[in-house]
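S.K.: Next comes the sequence, and after it the predicted model I'd like to discuss.
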Amino acid sequence: MNKVFTLLVFAGVPVSVIGSLLHWPSVIMFVIYCVTIIALAAFMGRATESLAVVSGPRIGGLLNATFGNAVELIISIFALKAGLIGVVLASLTGSVLGNLLLVAGLSFFVGGVKFKRQKFNVFDARHNSGLLMFAIIVAFVIPEVFSMDMNEGRTMSLSIGISIILILLYLFALFFKLVTHRGVYQSENSEGAHEHDEEPEWSKGKALLILALSTVAVAYVSERLVHTFEEVGEAFGWSELFIGVIIVAIVGNAAEHASAVIMAYKNKMDIAVEIAVGSTLQVAMFVAPVLVLVSLFFEKSMSLVFTLPELVAMVSAVLLTVIISNDGETNWFEGLTLLAAYVIMGIGFYLL
C-alpha cells in the first residue's frame, strides 16, 4: 500500500501541475487533486507516526494537526483576500464538524472493528473537553448573541478581543500540556509505556522534512482545487455553503483524517484522539482567531459571527464528543454514532 501511495504522489503532483497549466476540465482536475491530496496525506501519516514514536503521542498529534491545519489556513487566507467571508466561516465550521464527528467517528469505528475496546488517556480527554466547551460554546456563541444589539464596528471589536484571548489561552494550554504538566497525568493504558521499544520508520529529521514538503505540496494542490469548486458545484448541484462546510473542510483536513484512522487501526488511540480533538482546538482557538486578525489587512474584515445552523451544529458536535470520549475508552458503535451525526448534519447543509 505504501508503494501505491508513493507512486500516486510522484505521479499526482506533476499531473496536477500539467493539468492546471493545460486547463483540463474542472471535474477531471477535481478528481486528480483529491487523489493527490489523499496520497500526500498518507505520507504525512507515516511521518507523524515516526515522530510520535520519537517524541510521544502528544507532540506527534500536535505536529500532525499543525501541518494539516496550515493547509486550511493558507486556503482561507486566499479566500479572505477574495472577499469570500461566508466560505471561510463555513470551512471553519466544517473543520470542527469534520474533526469531531468524521475523523473521530471513523477512527473509533475502524479501530473498534479490529479491537472490541480501545482506551486512551482519560485525563487528556477531560482536559480537552473543557477547552472544547470554552472555545465553541463560549467564544463562538457569545459574538452571535451580543452582536444582535451591536453595530458592525462594535461586533468587529468584540471579535478582535475574543480572538486575542483565544490565541493566548491556546498558547497557555500548550505550555500546560507540554511543559509544566507533561507526564503528570498518565493513564495505565498510555502508549508511552511501550513506544520506546518501537523503531520509527523514518528519523526525526527526515520525518519533519517529509511533513514540511508534503504540506507545501498539499497547499499548492488544495489552492488549485478551490478554483474547481464553482464548476464542480454546478455540475453536482452543490451549494456554496455545502462546499464550504463539507468539501473544503474534508480536503483541507485530509492529512489529519488519514493519520488519525491509521493510528486507530494500529490501536494507538492516544495519537488518534490527539489528532482529532487537538486539531479541532487548534482550528477554534488559533486558526479562526488568526484569520479574524489577518482579515483586518484586507478590504472586508471577518468577525466571529457564524450563522445559527453553523453554531447549532458545532455545539451539538462538541456535546456529543464530550459525552462519548469522557470515559477514556471507545468502541465501533460510538464511532458509528459520531458518523451518523455527521451524515445528518451534512444532509441538512446540503438541503439549505
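M.R.: Great, that's in hand.
S.K.: My read is that residue 167 contacts residue 288, right?
M.R.: No - in this structure residue 167 lies outside contact range of residue 288 using Cβ atoms under 8 Å: 9.7 Å. In short, each C-beta sits where N, CA and C put it, glycine included.
S.K.: From the neighbour counts alone, determine which of the two ranks first.
M.R.: Taking other Cβ atoms under 10 Å, residue 167 and residue 288 do not tie; residue 288 has more neighbours (29 against 18).
S.K.: what pLDDT does the more buried one get?
M.R.: Note on residue 288: pLDDT of 93.
S.K.: Check the secondary structure at it for me.
M.R.: What DSSP: H, G, I helix; E, B strand; the rest coil gives for residue 288 is helix.
S.K.: helix or strand right after the host helix or strand of residue 218?
M.R.: In this assignment (DSSP states H and E), residue 218 forms part of helix 204-226. Counting by DSSP H and E, the next helix or strand C-terminal to helix 204-226 is helix 229-236.
S.K.: who's in contact with that next one?
M.R.: Helix 229-236 is contacted by residues 26, 27, 30, 238, 239, 240, 242, 243, 247, 248 when judged by Cβ atoms under 8 Å, 6 or more residues apart in numbering.
S.K.: Pull it out as PDB, backbone CA atoms only.
M.R.: C-alpha atoms of helix 229-236 as PDB (Å, rounded to 0.1, in the frame of the first residue of the first chain):
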ATOM      1  CA  PHE A 229     -15.400  24.100  -6.800                       C
ATOM      2  CA  GLU A 230     -17.600  26.500  -8.600                       C
ATOM      3  CA  GLU A 231     -17.900  24.400 -11.800                       C
ATOM      4  CA  VAL A 232     -18.000  21.100  -9.900                       C
ATOM      5  CA  GLY A 233     -20.700  22.500  -7.600                       C
ATOM      6  CA  GLU A 234     -22.800  23.400 -10.600                       C
ATOM      7  CA  ALA A 235     -22.200  20.000 -12.200                       C
ATOM      8  CA  PHE A 236     -23.200  18.100  -9.000                       C
END
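S.K.: pLDDT (mean, whole number) over the helix or strand following that helix?
M.R.: Downstream of helix 229-236, the next assigned helix or strand under DSSP H and E is helix 240-242. For helix 240-242, the mean pLDDT works out to 77.
S.K.: Off-centre distance for helix 240-242?
M.R.: Distance, stretch centre to chain centre, for helix 240-242: 18 Å (Cα atoms, centre = their mean, to the nearest Å).
S.K.: Can you give the distance of the helix of greatest length in the chain from its chain's centre?
M.R.: Longest helix of the chain, by residue count under DSSP state H: helix 26-55. In terms of Cα atoms, centre = their mean, the centre of helix 26-55 is set 13 Å apart from its chain centre.
S.K.: Residue 207 versus the closest residue to residue 280 other than its chain neighbours, what's the distance?
M.R.: Nearest non-adjacent residue to residue 280, counting by Cβ to Cβ, 6 or more residues apart in numbering: residue 99, 4.3 Å away. Per Cβ to Cβ, to the nearest Å, residue 99 is found 22 Å from residue 207.
S.K.: So which of the two has more stuff around it?
M.R.: Neighbour count, other Cβ under 10 Å: between residue 99 and residue 207, residue 99 has more, with 30 against 25.
S.K.: Relative to residue 45, how far out is that one?
M.R.: Distance from residue 99 to residue 45, by Cβ to Cβ: 15 Å.
S.K.: Now residue 173, what are its backbone angles?
M.R.: phi -60, psi -40 (degrees, to the nearest 10).
S.K.: burial of the closest residue to it other than its chain neighbours, as a residue count?
M.R.: Excluding the flanking residues, the one nearest residue 173 by Cβ to Cβ, 6+ apart is residue 131, at 6.1 Å. Applying other Cβ under 10 Å, we find 18 residues neighbouring residue 131.
S.K.: in the host helix or strand of residue 131, what counts as buried?
M.R.: Residue 131 is part of helix 122-132, with elements assigned from DSSP H and E. Residues 122, 124, 125, 127, 128, 129, 131, 132 are the ones in helix 122-132 that count as buried (16 or more other Cβ atoms under 10 Å).
S.K.: I'd like to know how far the spatially closest residue to the first one that is not a sequence neighbour sits from residue 22.
M.R.: On the basis of Cβ to Cβ, 6+ apart, the spatially nearest residue to residue 122 that is not a chain neighbour turns out to be residue 328, at 2.9 Å. Applying Cβ to Cβ, one obtains 52 Å for the distance of residue 328 from residue 22.
S.K.: higher neighbour count, the two?
M.R.: A count of neighbours by other Cβ under 10 Å puts residue 328 above the other of residue 328 and residue 22, at 18 against 8.
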